[in-house]
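[1] What follows is a predicted protein model with its sequence.
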Amino acid sequence: MPDADTAVARRAIATAALASVEQVPGAAKPDPILIADGVRRQFGGLVAVDVAHVEIQRGAITALIGPNGAGKTTFFNLLTGFDAPDDGQWTFNGKELAGVAPHKVARLGMVRTFQLTKALFRLTVIENMKLGATGQKGETFWRALLPGTWKKQEAEITARSEVLLARFKLDSKRDDFAGSLSGGQRKLLEMARALMVGPEMVMLDEPMAGVNPALTQSLLGHIKDLREQGMTVLFVEHDMDMVRDISDWVIVMGQGRIIAEGPPGDVMRNQAVIDAYLGTHHDQSLIETEESFIDGEPPAPATEEGERS
Amino acid sequence: MDWGFILSQTLTQAIAPIAIVYCLAAIGLNVHFGYTGLLNFGQAAFLAMGAYGLAVSVTRFNLPWWLGIIVGLVLTVILALLLGIPTLRLRADYLAIVTIAAAEIVRLFARSVTFRETLGGSDGINGFSTSFFSSLNPFNRQQPYTFGPIHFANGDVLFMFLIGWALIAIASLVVWLAMRSPWGRVIKGIREDEDAVRSLGKNVYSYKMQALVFGGVLGCLGGFVFALANASVQPDNYASDLTYFAWLIMILGGAARVGGPILGAMIFWGLLTLVVETLKNATASAIIPESILRTDQVGQIQFMLVGLGLMLLMIFRPQGILGDKKELALDARR
């Protein structure tokens, strides 16, 4: 476990690195781990995701926020290979990822969790954990029949799982079915299981959804821990307090596009963000809005520096 | 009422070659459904591959019986790949639709007039088992054998009985070894949620294919036993009711339990025989008057009674005999 000093240090490093970054959508980062260009996904007539350019800083915690239906989860699915875009490229650690199968994305070191927790119910907690380990010899059919060939590796994996379970305070549940855990414990299990893959970048889709407040603090602590261990975190979240508390950088999506970026404190004052959440003309009376419709001007969301085309 | 005879028949049928056939089919289904969550409703096709592979190789191409066995296994693997390649990337129910149709295609193909020369049409094929039994069977092929209440019509039946149970033992051992390994962990994970397993870096498609082939090969062993025990292959023996009985046996015994199909097959065939023989006896000795049930109606009523019994079992013990009710409850919470 990292001590408090390095914890502060890591956050400081991330903040310092991002301090000079311009606060505009698609801003270039000093050390990006993930770069996406022109990623577009359409469902029939609806453009769910249309990201012109985005970069994610290595070793930082980046939050992806936006109103419901902004395309955050779809963007997650695209980046991790669970959905195929209509167009676009993105690289992870310099490796082209477009068209790569989800299991290969995970093996390259980009591991995700799901909005609706996917604990494997009828496997025990420890089996859930062990499933996460990569490069297991006993996962080949013929070797599986010869326990001698994988017993030693299995013992190592079990030991590693137990250390992680203890860290996530799930060690008392070791032999229970994952389906018998509470919602919050399942979230913890899913995060711990993702770490068994040994990821460089962890993608968390709404890690706080459905978690009781007592567990929130410990979950937050675990996410900060990921940064302390040198991992990059990208997470989708609706809880603004949490976003403010742990993220180094915030990216805001609205109607499929990136509409703003910046440190958590600044981005929430951004006009485009307020508009996206509350509606473009939320501070005008309805009469004015109606008039602009009649004049033939669609109420386009206000943008900073005319970034949106 | 001749209870001695009824019980002897029940015990004999519970472990007879026909029970072995269904047991092997159910062990294969258990790999598909119980462990991997694949909905295979065409298990009969895998048995047909084994049976026809053996019969056609020996009778039409004059190959030795062991080469016929290999042909049957190869055909099974090919069928599994053919079924799996287009469907395993799709949602689970597509496999169910494709397999149910494929099994019927296989059967109708086998009984078609066009291929009568090779596949024997609706009469099927016989005369392929002689070389197998004459070269291997150490028992007297004409003489009946009796061990206490268990009765074997001749040495061939006894020999098939021993081979069949040896196959069940080996199949169960392999399933047990596979399912307690990391391979089995991935397989069971796929049953629970394949996207989660994908997100952990496993090639789900490949594992599902392996499971489909594995379970198909186990079913194919049942096909060999079926063909050899009957000394013939009949296309209509591989109709969908074979698949449904195999499902029933697996669920009766308890899905995702190594012993489930074994217990299920023995109970199913034992129970079926018990009901038939009891009713036959009761009607013949006029304990049940002819106005209620005639002896020739017993065949029709047996499945009604067995069906009733199974309904009661599913209501009061939905997890099967060896299943764990807690596990089933977890599944329902999703």
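    Looks like it came in fine.

[2] Can you show me the strands along the stretch 1-150 of chain A?
    Counting by DSSP state E, counting those that start in this stretch, the stretch 1-150 of chain A forms strands over residues A:32-43, A:46-57, A:61-65, A:87-92, A:95-96, A:110-112, given from the N-terminal end onward.

[3] Turn these into a markdown table, columns for mean pLDDT.
    As requested, the strands of the stretch 1-150 of chain A are arranged in a markdown table below (pLDDT from 0 to 100):
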| stretch | mean pLDDT |
| --- | --- |
| strand A:32-43 | 94 |
| strand A:46-57 | 93 |
| strand A:61-65 | 94 |
| strand A:87-92 | 94 |
| strand A:95-96 | 92 |
| strand A:110-112 | 95 |
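
[4] how about the ones you listed in TSV, adding distance to chain B?
    To be clear about C-beta, it is placed using only N, CA and C from the backbone, and glycine gets the same treatment. Conversion of those to TSV gives the following (distance: least, Cβ to the nearest Cβ, whole Å):
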stretch	distance to chain B
strand A:32-43	17
strand A:46-57	18
strand A:61-65	17
strand A:87-92	14
strand A:95-96	15
strand A:110-112	5
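
[5] which of the ones you listed sits most buried?
    Across the strands of the stretch 1-150 of chain A, averaging neighbours per residue (mean count of other Cβ atoms under 10 Å in any protein chain shown) puts strand A:110-112 on top, at a mean of 27.

[6] residues contacting the closest residue to A:Leu220 other than its chain neighbours?
    Take A:Leu220 and drop its neighbours on the chain: the residue closest to it by Cβ to Cβ, 6 or more residues apart in numbering or on different chains is A:Ile246, 5.6 Å away. A:Ile246 sits next to A:61, A:63, A:220, A:223-224 when contact means Cβ atoms under 8 Å, 6 or more residues apart in numbering or on different chains.

[7] again, only using 10 Å
    Taking Cβ atoms under 10 Å, 6 or more residues apart in numbering or on different chains as the definition of contact, the neighbours of A:Ile246 are A:11, A:61, A:63, A:219-221, A:223-224, A:226-227, A:233, A:235, A:237, A:264.

[8] Can you flag which of those residues belong to helices?
    With helices defined by DSSP state H, the entries of the contacts of A:Ile246 inside them are A:11, A:219-221, A:223-224, A:226-227, A:264.

[9] correct me, but B:Val58 touches B:Phe133?
    No. Contact status for B:Val58 versus B:Phe133: not in contact, 12.0 Å apart, counting by Cβ atoms under 10 Å.

[10] Residues that sit against both of those two, list them.
    With Cβ under 10 Å, 6+ apart as the test, B:Val58 and B:Phe133 both reach B:Trp65.

[11] When these two are compared, which one has more neighbours?
    Neighbours around B:Val58 and B:Phe133, counted as other Cβ atoms under 10 Å in any protein chain shown, are more numerous at B:Val58. The numbers are 24 against 18.

[12] what's the neighbour count on A:Gly94?
    For A:Gly94, the count of nearby residues is 8 (other Cβ under 10 Å).

[13] quick one: it from A:Leu34, how far?
    Separation of A:Gly94 from A:Leu34 (Cβ to Cβ, to the nearest Å): 10 Å.

[14] likewise B:Ile301?
    The separation that B:Ile301 has from A:Leu34, given Cβ to Cβ, amounts to 68 Å.

[15] any chance you could map the strands in chain B?
    Ranges of strands in chain B, per DSSP state E, are B:125-126, B:145-147, B:150-152, B:232-233.

[16] out of those, deepest packed?
    Burial among the strands of chain B, expressed as mean neighbours by mean count of other Cβ under 10 Å, is greatest for strand B:232-233, which shows a mean of 24.

[17] just checking, what packs against that one?
    Based on contacts counted as 3 or more Cβ pairs under 10 Å, 6 or more residues apart in numbering or on different chains; DSSP states H and E, the elements that strand B:232-233 packs against are helix B:43-61, strand B:125-126, helix B:204-230.

[18] Which residues does it contact?
    The contact list for strand B:232-233 (Cβ under 10 Å, 6+ apart) reads B:47-48, B:50-56, B:59, B:110, B:119-120, B:123-129, B:223, B:226-227.

[19] In PyMOL, how would I select the buried members of those?
    Command for PyMOL, covering only those of the contacts of strand B:232-233 found buried under the criterion 16 or more other Cβ atoms under 10 Å in any protein chain shown:
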select buried, chain B and resi 47+48+50+51+52+53+54+55+56+59+110+119+120+124+125+126+128+129+223+226+227
